[in-house]
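Enquirer: give me coordinates for this.
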Amino acid sequence: MSFQQGLSGLSAAATALNVIGNNVANASTVGFKGANAHFADVFASSLGIVGASQVGIGVGVSSIQQQFTQGNLTTTNNGLDLALNGGGFFRMSDDGAITYTRNGQFHIDKEGYVINDLNLRLTGYPADALGAISPSSPVELQLSANQIPPRATSDPLSGNLTAVLNLDSRDKVPPITPFNFANPDTYNFSTATSVYDTLGVAHNLTTFYILNAPTDPPGGEWTVWATLDGADPQVLPGGNLIFDTSGALTAASAKQTLPTWALTSGAVTPWSPGLLDYTGTTQYGSESSVDRLTQGGYSAGSLTGMGVGSDGIIQGRYSNGQTRNLGQVVLATFADPNGLKNLGNNQWSSSSASGPELVAAPGSGSRGVIQSSAIEDSNVDLTKELVDMITAQRNYQANAQTIKTQDQVLQTLVNLR
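Expert: A predicted model of the protein is given here:
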């Protein structure tokens, strides 16, 4: 009489309990993926016995499969805690040895590398000095804490100054001449903005608008004066602003080159803030006002914080109000995630069964998106695991009962006289 079926059943039930116990133990492990034990019946091969006459000899564990289903997301206060919502794995480097994880609890080490609790470095696409990201071979992400250099308002990368105004068509020619910026009776309207020289030093640029006699054909003509830091007022050399009878600014007068001023900040001198674009400015019968006044210069800035977008781009925030890309997190996917080799510590490595890694930015292909200041919880369902535990316990007891019964039958045969 055979005890094999009962013994195999005990072994299978014990394996199931081990798997369930591991799932329950990791119910609070960030990025953990629960597993299921898969079983298969076992038959002995024998010549001359048809299937209807075969009796199985037990059960075996065919595989233990991890379930890469999505876990719930929980928010945190760390901007570098990253949760994956969808497929893919974070790609980690340990001196060039690549592993993969779903645990996105990251922070920055003293050298600026983005690391996890095991000191493995997160990989991604680097950014150049201007923040441009070009997809290439992923590298260990090292975030620079350096200041970003200033940008002068006159720098071509800053673009033109823009001023969209409305100048009141009901205004009269000022009663007092000549122009004196200290005397409001010599001009109709003024506005101011900050501009930055080549060292990033801020200067106050003020423009003054004076209504002249009507143009020919009738419309409106305004002379513009400008001062830098309240000194050396100069008329704009490009001519006056000219409007037609509909209140629209003529294209020929829309773009004005600002005068140059001598600077004492140590920056390039004499210096001009560049081109001032008045496109969109109007002369209507309402109060003079500023609708838009912009410029692209800024001072030097220190890193004050950072955030990560859903596309994986790490963006630094600076004390001068600017932002700059510092790098981009990449995600790896596999043809068969269940073929990954589990290394423990929430880490997997690729294998011949998983296929090679396929690396790209979050949100592309089958890859999920990233949520900053969040973590992905374990996908273990404790209610289901506890029910499965009861079932495995009953299976173990039933198989033990089979062995006990077989023992009793064998004892009966031994006691026959």
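Enquirer: next up, phi/psi of the residue nearest the centre of the chain, please.
Expert: Closest to where the C-alpha atoms of the chain average out (CA atoms, centre = their mean) is Gly309, at 2.0 Å. For Gly309, the backbone dihedrals (degrees, to the nearest 10) come out as phi -80, psi 170.
Enquirer: ok, it touching Ser372?
Expert: Yes: at 7.4 Å, Gly309 counts as touching Ser372 under the criterion of CB atoms under 8 Å. The C-beta positions use only the backbone N, C-alpha and C, and glycine is treated the same way.
Enquirer: can you get me the start-to-end distance on stretch 163-180?
Expert: The first residue of stretch 163-180 is 22 Å away from its last residue (CA to CA, to the nearest Å).
Enquirer: now do stretch 55-74
Expert: 51 Å.
Enquirer: repeat that for stretch 118-132.
Expert: OK, stretch 118-132 end separation, CA to CA: 30 Å.
Enquirer: equivalent analysis for stretch 194-206, please.
Expert: 9 Å.
Enquirer: which parts of it are buried?
Expert: Within stretch 194-206, the residues that count as buried by 16 or more other CB atoms under 10 Å are 195-198, 200-203, 205-206.
Enquirer: on that earlier part again, give me the pLDDT for the closest residue to the residue nearest to the centre of the chain other than its chain neighbours.
Expert: Among residues not flanking Gly309 along the chain, Gln315 sits closest, at 6.6 Å (CB to CB, 6 or more residues apart in numbering). Note on Gln315: pLDDT of 95.
Enquirer: and what of Ala52?
Expert: pLDDT, Ala52: 58.
Enquirer: next one: Tyr113
Expert: Tyr113 is assigned a predicted lDDT (pLDDT) of 95.
Enquirer: my read: it touches Ala145, true?
Expert: No: under the criterion of CB under 8 Å, Tyr113 makes no contact with Ala145, lying 11.8 Å away.
Enquirer: comparing these two, which residue is more hemmed in?
Expert: More neighbours surround Tyr113 than the other of Tyr113 and Ala145, with 18 against 11 (other CB atoms under 10 Å).
Enquirer: wait, what's in contact with that one?
Expert: Taking CB atoms under 8 Å, 6 or more residues apart in numbering as the contact definition, Tyr113 lies against 121-122, 140-143.
Enquirer: swap the cut-off to 10 Å and go again
Expert: Applying CB atoms under 10 Å, 6 or more residues apart in numbering to Tyr113 gives the contacts 93, 106-107, 119-122, 140-143.
Enquirer: same deal with Gly58?
Expert: So Gly58 contacts 2-12, 41-44, 399 (CB under 10 Å, 6+ apart).
Enquirer: show me which residues of stretch 113-132 are buried.
Expert: In stretch 113-132, counting by 16+ other CB under 10 Å, buried: 113-116, 120-127, 131.
Enquirer: what is the end-to-end distance of it?
Expert: Using CA to CA, one end of stretch 113-132 lies 19 Å from the other.
Enquirer: likewise for stretch 115-127?
Expert: 18 Å.
Enquirer: about what we covered before: narrow the contacts of Tyr113 to those in strands?
Expert: 93, 107, 121-122, 140 (DSSP state E).
Enquirer: which two of those have the greatest separation?
Expert: Ser93 and His107 (15.8 Å; CB to CB).
Enquirer: these two - which one has more neighbours?
Expert: A side-by-side neighbour count of Ser93 and His107, using other CB under 10 Å, places Ser93 first with 18 against 13.
Enquirer: show the contacting residues for the more buried one.
Expert: Neighbouring residues of Ser93 by CB under 10 Å, 6+ apart: 99, 113, 115, 120-123, 138-141.
Enquirer: so what does Ser350 look like in phi/psi?
Expert: Given degrees, to the nearest 10, the pair of backbone angles that Ser350 has is phi -70, psi 160.
Enquirer: so where is this protein shaky, pLDDT-wise?
Expert: Along the chain, the parts satisfying pLDDT under 70 run over 1-2, 45-54, 417.
Enquirer: got the domain ranges for it?
Expert: As assigned by automatic domain parsing, the chain contains the domains 4-69+379-414, 73-148+302-376, 156-294.
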